[in-house]
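1. Here's a sequence, model it:
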Amino acid sequence: MAQARGELGIFLRRWLAHPLRVGAIAPSSRALGRLVARNAVSSPDDIVVELGAGTGTITHDLLAAGAREENLVLVELDTDLVAYLRRLYPRATILADDASTPAEIVPGELLGRAATVISGIPALQFSDAKQRSYIGQCIQCLREGGQILQYTYSLKSPIRQRETGVTGQRLGVALVNVPPAHVWGYTPAVEAEPAAAAE
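-> Prediction:
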């Protein structure tokens, strides 16, 4: 309860200071955090990259689902939120940077090793070119068989799948969220095998 009050307090202060920079109107709910974590963590050894970690609500649920703190990479632009996250999760890798360019900021030794990249930034609002670049960089962070999770307030897929080279599906909706949030899972599209040459 105390952590929830702390999250709400710092969220409101950052929203009042930078209303256009904060991509949500309220902190992520526990229902959304649990839904994301249930789909993000399959093993304590999984490396999980969280883009736009905010107040750490989803981070809390990743740990509750069995993730190891030292296997979490949290990216957040707001310096006050970064300081807050570093107090809460001192063993995680916390990067104070623009989450829309993950392959440029995730440590090189972790590129290509993430089981899941969680996107908490509003990729639906990106132009086609920016979304292609963003999803391409998320894919660079993934290991083989890895996935991108995107949560969104939109009813439709927030990622333009054909244009970005992924396939996706809605994994669930957190109704107890303001507003209700949908979680989508995406994996790199598998290119069709070339047809065998006729003999």
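2. Thr79 against Ile94, yeah?
-> No - taking Cβ atoms under 8 Å as the definition, Thr79 is not a contact partner of Ile94, at 11.3 Å. From N, CA and C alone the C-beta is placed, and that goes for glycine too.
3. out of these two, which sits in the more crowded spot?
-> Between Thr79 and Ile94, Ile94 has the larger neighbour count (other Cβ atoms under 10 Å), namely 23 against 10.
4. For beta bridges, what are the partners of that one?
-> Leu74 (DSSP bridges).
5. close enough to count as contact, it and Tyr84?
-> No - the criterion here is Cβ under 8 Å, and Ile94 misses it with Tyr84 at 9.9 Å.
6. what about the strands in this protein?
-> 47-51, 72-76, 93-96, 114-119, 142-152, 166-174, 181-188 (DSSP state E).
7. Just send these back as JSON lines, with mean pLDDT and distance to Ile159 too.
-> Below are the strands of the chain laid out as JSON lines (pLDDT from 0 to 100; distance: least, Cβ to Cβ, whole Å):
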{"stretch": "strand 47-51", "mean pLDDT": "98", "distance to Ile159": "13"}
{"stretch": "strand 72-76", "mean pLDDT": "98", "distance to Ile159": "18"}
{"stretch": "strand 93-96", "mean pLDDT": "98", "distance to Ile159": "22"}
{"stretch": "strand 114-119", "mean pLDDT": "98", "distance to Ile159": "9"}
{"stretch": "strand 142-152", "mean pLDDT": "97", "distance to Ile159": "6"}
{"stretch": "strand 166-174", "mean pLDDT": "97", "distance to Ile159": "6"}
{"stretch": "strand 181-188", "mean pLDDT": "97", "distance to Ile159": "6"}
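8. Counting neighbours, what do you get for Pro179?
-> Pro179: 10 neighbours (other Cβ under 10 Å).
9. dump the residue contacts of the residue lying closest to it once chain neighbours are set aside.
-> Residue nearest to Pro179 in three dimensions, not counting chain neighbours: Tyr153, with 5.1 Å by Cβ to Cβ, 6 or more residues apart in numbering. The contact partners of Tyr153, taken as Cβ atoms under 8 Å, 6 or more residues apart in numbering, are Pro179, Pro180, Ala181, His182.
10. Dump those residues into CSV; add distance to Gly120 as well.
-> Formatted as CSV, the contacts of Tyr153 follow (distance: Cβ to Cβ, whole Å):
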residue, distance to Gly120
Pro179, 15
Pro180, 16
Ala181, 10
His182, 13
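11. Closest one to Arg170 out of those residues, please.
-> Lowest distance from Arg170 to the contacts of Tyr153 (Cβ to Cβ) belongs to His182, with 5.8 Å.
12. I'd guessed that closest one sits against Ser157; true?
-> No - with contacts counted by Cβ under 8 Å, His182 stays clear of Ser157, the gap being 9.0 Å.
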